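> coords please:
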Amino acid sequence: MFPWYQTLIDTIFNPVFGWMLNIPPIAAILLLALILGLISTLLQKFMTDQAKMKRLRDDTKKYQEQIKKLKDNPAEMMKVQQKVMPIQMDLMKESFRPLLITLVPFLLIFFWLSNHFAFYPVQPNQPFTVTATFESGVGGNATLASGNLTITQPTQEVKDGVASWTVKGPAGTHHLTLEFAGATFKRDVLITTERLYEPPVVPLHGSVTAFNVENEKLKPIRGFNLFGGGWIFYYIVFSIPLSLLLKKWLKVV
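Below is the predicted model:
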């Protein structure tokens with residue numbers, strides 16, 4: 001079963017952003033970066049004193065130029081730096097209000113993204129790997145079982161702290177049971193064509209430290225992996241230039 005918080009996040013954001021699950025991931029990430037950037041920029045424009053912000057920025061720039069010219073005069077440079085500090089504090093206070101409003105909603109949206117754009121789903125009747133990780137020095141045989149899934153060699157020897165299985169099966173939520181040294185560990189796996197998945201990593205305690213389904217990491221541009229980046233890398237790549245363009249377009253300091 002999905003953790004309650006993941007279900008709650010999907011309940012909130014699927015009606016708003018769920019349509020993005022039906023378009024290419026790279027397009028969805030670009031659009032979301034644009035939408036969030038626009039919201040952030042509008043809040044900065046209407047929740048801050050733009051005239052004051054401009055004056056403070058201009059004063060900061062003026063004093064920074066003076067500091068560059070006073071490198072050979074530490075005493076005078078220190079005096080100018082002391083003038084800059086309260087200006088920077090005012091800038092920070094002025095910028096903090098829109099940040100407070102967007103912080104929690106944006107974090108929740110990022111969590112929704114991680115629910116749907118971090119991995120590819122396990123596809124029906126396609127082989128996938130289930131892995132159990134064990135404490136250092138632990139040995140023996142581990143057995144994986146599930147009523148509706150085909151498991152290649154259900155009993156595996158633990159080697160170098162790891163045992164793994166090749167599994168496949170029909171669409172649906174399936175229960176996996178791992179038996180080792182008289183103990184039983186359980187987790188679910190979701191097999192679907194939708195862009196949805198159970199958390200791949202399930203941390204445990206004791207002799208078995210993790211019980212994982214090896215979902216393939218999602219590449220926003222299929223077949224192309226820029227610097228190994230996932231959705232968050234591409235979001236940052238898109239959001240920085242978009243934010244600068246939006247600020248220039250809307251004349252936000």
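
> partners of the host helix or strand of Leu144, with directions?
Using DSSP states H and E, Leu144 sits in strand 141-145. Using DSSP bridges, strand 141-145 pairs in its sheet with strand 155-157 (antiparallel), strand 172-180 (antiparallel).

> give me the contact list for it.
Outside strand 141-145, the residues within contact range by Cβ atoms under 8 Å, 6 or more residues apart in numbering are 130, 132, 134, 151, 154-158, 163, 165, 167, 176-180, 208. Just so you know, the C-beta spots here come from the backbone N, C-alpha and C atoms, and that holds for glycine as well.

> which other residues reach the helix or strand containing Thr41?
Taking DSSP H and E as the definition, Thr41 sits inside helix 25-47. Contacts with helix 25-47, where a contact means Cβ under 8 Å, 6+ apart, come from 17, 20-21, 95, 97-98, 101-102, 106, 109, 113, 117, 218, 220-221, 231, 234-235, 238-239, 242-243, 246-247, 250-252.

> drop anything exposed from those residues.
For the contacts of helix 25-47, burial is judged from neighbour counts taken by 16 or more other Cβ atoms under 10 Å, and it is met by 17, 20, 98, 109, 113, 117, 218, 220, 231, 234-235, 238-239, 242-243, 246-247, 252.

> filter the residues you listed down to the ones in helices?
17, 98, 109, 113, 117, 231, 234-235, 238-239, 242-243, 246-247 (DSSP state H).

> closest to Met89 out of those residues?
Pro98 (17.1 Å; Cβ to Cβ).

> pLDDT score for the closest residue to the closest one other than its chain neighbours?
In space, Pro98 comes closest to Leu43 once its chain neighbours are excluded; the distance is 3.8 Å by Cβ to Cβ, 6 or more residues apart in numbering. Per-residue confidence (pLDDT) for Leu43: 93.
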